[in-house]
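Colleague: predicted model, plus sequence, below.
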Amino acid sequence: MNYITDYIEKNKQRFLDELFELIRIPSISSQTDHKPDMLKAAGYWKQSILDAGADKAEIFATEGNPVVYGEKTIDASLPTILVYGHYDVMPVDPVNQWLSPPFEPEIRDGKIYARGADDDKGQTFIQAKAFELMVKTGTLPCNVKFMIEGEEEIGSGSLKNWCAENKDLLKADVIIVSDTGMIAADVPSITTGLRGISCLEVEVSGPSHDLHSGIYGGAVANPVNILCKMIASLHDENRRVAVKGFYDDVETVGNEERRELAKAPFSQEEYKKEINVGELWGETGYTTTERTGIRPALDVNGIWGGYTGEGAKTIIPAKAFAKISMRLVPNQDYKKIMDLFKAHFESLAPAYVTVKVTPLHGGQGYVSPIISPEYKAAHRAITESFGIAPVPFRSGGSIPIISTFEQVLGTKSLLLGFGLESDAIHSPNENFPLYNFYKGIETVPLFYKYFVEEYSKKQ
């Protein structure tokens with residue numbers, strides 16, 4: 001493994017410099033004024049893939065943001081690994097909570113602080129630099145393809161059709177994804193499951209316009225008050241989601257698997273300390289790790305209405321809004337859940353308001369087998385690079401396109417992530433430890449090596 005660590009050591013500053021240039025592009029997919037930045041980020045990825053040693057790379061237009069594709073074929077008889085990642089990032093609000101500008105990466109305490117440092121520019125860059133390492137050292141053991149999209153943070157709306165139209169181009173034996181995390185820096189792990197997701201926006205309307213709260217207060221229903229009451233009713237006394245039919249298709253995980261999941265190191269006190277809460281909250285009868293891995297959840301992501309500026313403005317707002325997401329487990333269909341939620345929420349509306357529910361985006365959950373060649377290869381690679389065997393675990397997060405890959409392309413995905421819970425993805429002060437960044441680049445070439453070995457056993 002000396003050639004791997006030697007190459008990383010000689011090029012580690014350049015790796016960072018190149019990553020920082022990518023991070024400086026504010027490629028926020030949910031905000032239309034950043035459309036030029038999406039094109040710029042795609043162009044940067046195309047050049048990065050070529051510079052790393054790809055035979056070719058190109059940018060494909062879609063109905064939304066472009067997809068960057070690249071490939072290197074060394075022998076058609078060898079297996080092919082398809083690398084998936086995304087160049088879009090989440091919004092940076094609230095900006096005033098960042099300790100440094102979100103798109104000006106800064107290293108503090110051994111971590112890169114910036115939007116996209118982990119999710120997913122830093123993690124996908126691990127794949128690009130590992131690929132470069134193998135090409136430049138003459139150790140690439142198989143064929144490689146890249147597929148980098150720009151809509152993951154808004155549901156990958158264009159990618160399904162693009163994949164269906166380019167199935168032959170995307171033929172591969174496995175898809176490798178670095179967009180997940182590890183249990184801890186000293187407890188490496190492999191993600192074996194993802195939750196699905198359904199996202200919606202709700203609108204509660206009352207009077208035709210904002211009203212004076214003195215003249216009308218107590219006589220006209222306040223949409224903000226009603227919305228809060230409706231939202232409060234979405235969980236029952238056992239903190240289960242109260243939407244009728246929500247749990248009908250939830251997979252019941254047996255006691256044996258729950259015991260295996262419980263083997264993963266977890267300190268409830270450290271968990272509470274990390275996020276600064278006095279007590280934890282969740283569905284009765286399940287542990288914290290079970291609640292985020294094998295059970296579904298419903299959360300309000302944002303709520304607004306009326307006057308929120310400085311000082312007071314005594315009104316009864318005409319409207320109130322909320323954004324709601326539901327994290328789903330395997331077997332729950334995100335479209336069915338959207339329909340169930342819509343029917344339930346509309347049924348809650350009293351006669352003095354009207355309710356509108358608008359679906360935003362969603363995706364299915366995913367479970368990966370632990371007996372596949374790719375899992376065995378990842379297990380061997382992590383054990384060698386980290387010096388400790390990885391733990392399989394189910395993530396509470398969602399990557400909606402992963403289940404689509406299997407449906408459309410017929411290809412399984414390996415979720416080989418190097419992030420940590422403390423990386424604050426989607427939040428102010430997102431970060432990514434330098435140790436994890438470089439350790440990822442060290443691990444990936446070993447995965448390629450062992451995947452080819454494990455794959456040949458399967459043939």
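Modeller: Received, thanks.
Colleague: by mean pLDDT, which helix or strand of this protein comes out lowest?
Modeller: Least confident helix or strand of the chain, by mean pLDDT, DSSP states H and E, is helix 255-261 with a mean of 82.
Colleague: and whatever helix or strand comes next after that helix, which residues are buried?
Modeller: Per DSSP states H and E, the first helix or strand lying C-terminal to helix 255-261 is helix 268-275. The neighbour-count check on helix 268-275 (16 or more other C-beta atoms under 10 Å) flags nothing as buried. Heads up, the C-betas are built off the backbone N, CA and C, glycines and all.
Colleague: remind me what helix 268-275 packs against, helices and strands.
Modeller: Packing partners of helix 268-275 (3 or more C-beta pairs under 8 Å, 6 or more residues apart in numbering; DSSP states H and E): none among the helices and strands.
Colleague: what mean pLDDT does the helix of greatest length in the chain get?
Modeller: Counting residues, the longest helix found in the chain (DSSP state H) is helix 434-458. Taken as a whole, helix 434-458 carries a mean pLDDT of 96.
Colleague: for that helix, buried residues please.
Modeller: 434, 436-452, 454-455.
Colleague: so what's the residue nearest to Ser385 when sequence neighbours are not counted up against?
Modeller: Distances taken as C-beta to C-beta, 6 or more residues apart in numbering place Thr443 nearest to Ser385, at 4.3 Å, with adjacent residues excluded. If you count contacts by C-beta atoms under 8 Å, 6 or more residues apart in numbering, Thr443 has them with Ala130, Ala381, Ile382, Ser385, Phe386, Leu416, Phe418.
Colleague: report all helices and strands that the helix or strand hosting the first one contacts.
Modeller: Element membership for Ala130 (DSSP H and E) is helix 121-136. Helix 121-136 is packed against helix 2-23, helix 35-52, strand 80-86, strand 143-149, helix 434-458, with contacts defined by 3+ C-beta pairs under 8 Å, 6+ apart.
Colleague: relative to Ser233, which of the ones you listed is closest?
Modeller: strand 80-86 (35.8 Å; C-beta to C-beta).
Colleague: next structured bit after that closest one?
Modeller: Downstream of strand 80-86 (by DSSP H and E), the next one is strand 106-108.
Colleague: what comes into contact with that following strand?
Modeller: Under C-beta under 8 Å, 6+ apart, the answer for strand 106-108 is Leu99, Ser100, Ile112, Tyr113, Ala114, Leu434.
Colleague: can you say which of those are buried?
Modeller: Ile112, Tyr113, Ala114, Leu434.
Colleague: enumerate every residue touching the last one.
Modeller: Yep, that's Leu434 we're talking about. Ile107, Gly110, Lys111, Ile112.
Colleague: which one of those residues is nearest to Gly155?
Modeller: Ile112 (26.5 Å).
Colleague: using the three-state scheme, assign the closest one.
Modeller: The three-state assignment at Ile112 reads strand, by DSSP: H, G, I helix; E, B strand; the rest coil.
Colleague: and it, bridged to which residues?
Modeller: For Ile112, the beta-bridge partners under DSSP bridges are Ile107, Phe432.
Colleague: quick one: it and Asn429 touch, right?
Modeller: No. The criterion here is C-beta atoms under 8 Å, and Ile112 misses it with Asn429 at 11.1 Å.
Colleague: and the protein, what are its domain boundaries?
Modeller: 2-194+365-458, 198-250+296-362 (automatic domain parsing).
Colleague: so which of these is the most surrounded?
Modeller: domain 2-194+365-458 (a mean of 20; mean count of other C-beta atoms under 10 Å).
Colleague: what does stretch 24-31 contact?
Modeller: 34, 37-38, 40-41, 44, 65, 87-92, 103-105, 115-116, 150-154.
Colleague: and that stretch, end to end?
Modeller: With C-alpha to C-alpha, to the nearest Å as the measure, the ends of stretch 24-31 fall 16 Å from one another.
Colleague: same question for stretch 417-429.
Modeller: 20 Å.
Colleague: report the mean per-residue pLDDT for that stretch.
Modeller: 96.
Colleague: now do that stretch: everything it contacts.
Modeller: 90, 92, 94-95, 97-99, 102, 113, 117-119, 123, 126, 177-182, 184-185, 191, 274, 430-433, 436-437, 439-440, 443.
Colleague: rerun that using 6 Å as the cut-off
Modeller: 90, 97-99, 113, 118-119, 178, 180-181, 430-432, 436, 440 (C-beta atoms under 6 Å, 6 or more residues apart in numbering).
Colleague: equivalent analysis for stretch 278-298, please.
Modeller: 234, 238-241, 253, 266, 326-329, 394, 396.
Colleague: so for that stretch, mean pLDDT?
Modeller: pLDDT averaged over stretch 278-298 gives 96.
Colleague: can you list the buried residues in that stretch?
Modeller: 282-283, 286-287, 289-298.
Colleague: out of those residues, which are inside strands?
Modeller: Ala297, Leu298 (DSSP state E).
Colleague: and the helices in the stretch 251-400 of the chain?
Modeller: For the stretch 251-400 of the chain, the helices defined by DSSP state H, counting those that start in this stretch cover 255-261, 268-275, 288-293, 334-348, 373-386.
Colleague: relative to Ile401, which of the ones you listed is closest?
Modeller: Nearest of these (C-beta to C-beta): helix 334-348, 12.4 Å.
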